[in-house]
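Colleague: Structure for the following, please:
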Amino acid sequence: MIVVDTSALITIASINLLDHVLSEYDLHTTATVIEELEKTAEYDDVHGQAAQDVLDQLERIGVHNTNESSFQSSRIDEGEGTAASLANETQADFLITDDLRALPELQTVTHSNVVISPVLLKALVKRDLFDQEEALEKLDEAAENRDWLESPIYRKAKNLFE
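Modeller: Model (predicted):
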């Protein structure tokens, strides 16, 4: 079981990877994350379209109501906090986020492996759904869509493929 937060879902959908991920993995998220996606979907940009793409696939994603997140801080927002709570409640294998500021703190509040969404892309390469070159093109597309170029998350993601 994989728990995914808002940022990771938007990244996955922004590079047309959502269908592949949903076919290969058991994705779950929280009602709070869905609310964040609904707000993002109101924007007329790549993030808004990606959020809408996720909302259009909700029948394939487990959506859970969680108690108020006990994991909120200056780095962990409500969506990430409820995702961490869900990961703990369900003993999820992974919690996926693309918020590098929150990632270290999330690692301290959940027993799940906390990783960035390009890990899913790497896993799809290992499952022979993409070759390395296609995956790197998808990663570059994500970097452009999500304004990651020259950022720490892009460097971290590129390192997954080396």
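Colleague: The protein: strands as residue ranges?
Modeller: Ranges of strands in the chain, per DSSP state E, are 2-4, 27-30, 62-64, 94-96, 113-115.
Colleague: so residue 141 makes contact with residue 12?
Modeller: No - counting by CB atoms under 8 Å, residue 141 stays clear of residue 12, with 11.5 Å between them. To be clear about C-beta, it is placed using only N, CA and C from the backbone, and glycine gets the same treatment.
Colleague: pLDDT score for residue 72?
Modeller: Predicted confidence (pLDDT) for residue 72: 67.
Colleague: Tell me which of residue 141 and residue 12 has more neighbours.
Modeller: Taking neighbours as other CB atoms under 10 Å, residue 141 and residue 12 compare with residue 12 leading, 28 against 16.
Colleague: Quick one, grab the pLDDT at the more buried one.
Modeller: Residue 12 carries a pLDDT value of 97.
Colleague: show me the contacts for the spatially closest residue to residue 157 that is not a sequence neighbour.
Modeller: In this structure, residue 157 finds its nearest non-sequential neighbour in residue 118, 3.8 Å apart by CB to CB, 6 or more residues apart in numbering. For residue 118, the contacting residues are 139, 142, 156-157, 160, by CB atoms under 8 Å, 6 or more residues apart in numbering.
Colleague: Quick check: helices, which of those are part of them?
Modeller: 139, 142, 156-157, 160 (DSSP state H).
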